[in-house]
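Participant: Give the three-dimensional model of this entry:
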Amino acid sequence: MITVTFSASLAGMLPRPEGGVARARSIEVEADNWPDAVADLRERYASLTDHVFNESGGLRPGFLVAVGEEVRSGRDNLTDVAAGDVLYLFTQIAGG
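Facilitator: Numbers count the residues shown, from 1 in each chain. This is a model prediction of the structure:
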């Protein structure tokens, strides 16, 4: 399993649980690698994942993922993501 935590702005796109007030920001996906994690997320949260991931499962421009303590962009290779990893998906912030 891989744990995925969403930034507040992305978590706001997740559906609310029935009868629940707050959305979960962290979820566990049945996956042992990046492609399986993306597939599980797409199955559960299609509108969010269409916004975050491109057709091949990479991150769209403007999004980053932290794998453990290492921040990566869509240009980075994510093939070393494995079961037990903790991912943090968030929007990239630009400024000066």
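Participant: Give the buried residues for the longest helix seen in the chain.
Facilitator: Identified as the longest helix of the chain according to DSSP state H is helix 34-44. By 16 or more other CB atoms under 10 Å, the buried positions in helix 34-44 come out as 34, 36-41. Every C-beta, even on glycine, is put in place using the N, C-alpha and C of the backbone.
Participant: That one packs against which elements?
Facilitator: strand 2-6, strand 26-29, helix 46-52 (3 or more CB pairs under 8 Å, 6 or more residues apart in numbering; DSSP states H and E).
Participant: Could you tell me the angle between it and strand 2-6?
Facilitator: Using axes from the mean of the first three to the mean of the last three CA atoms, to 10 degrees, the direction of helix 34-44 lies 60 degrees away from that of strand 2-6.
Participant: ok, residues contacting helix 34-44?
Facilitator: 2, 4, 27, 29-31, 48-50, 53, 57, 78-79, 81, 87 (CB atoms under 8 Å, 6 or more residues apart in numbering).
Participant: do the same with stretch 3-14
Facilitator: So stretch 3-14 is contacted by 23-29, 37, 41, 45, 47-48, 51-52, 85-91 (CB under 8 Å, 6+ apart).
Participant: tell me the SS of residue 65?
Facilitator: Judged by DSSP: H, G, I helix; E, B strand; the rest coil, the three-state class of residue 65 is strand.
Participant: give me every residue that touches it.
Facilitator: 59, 71-72, 78, 87-90.
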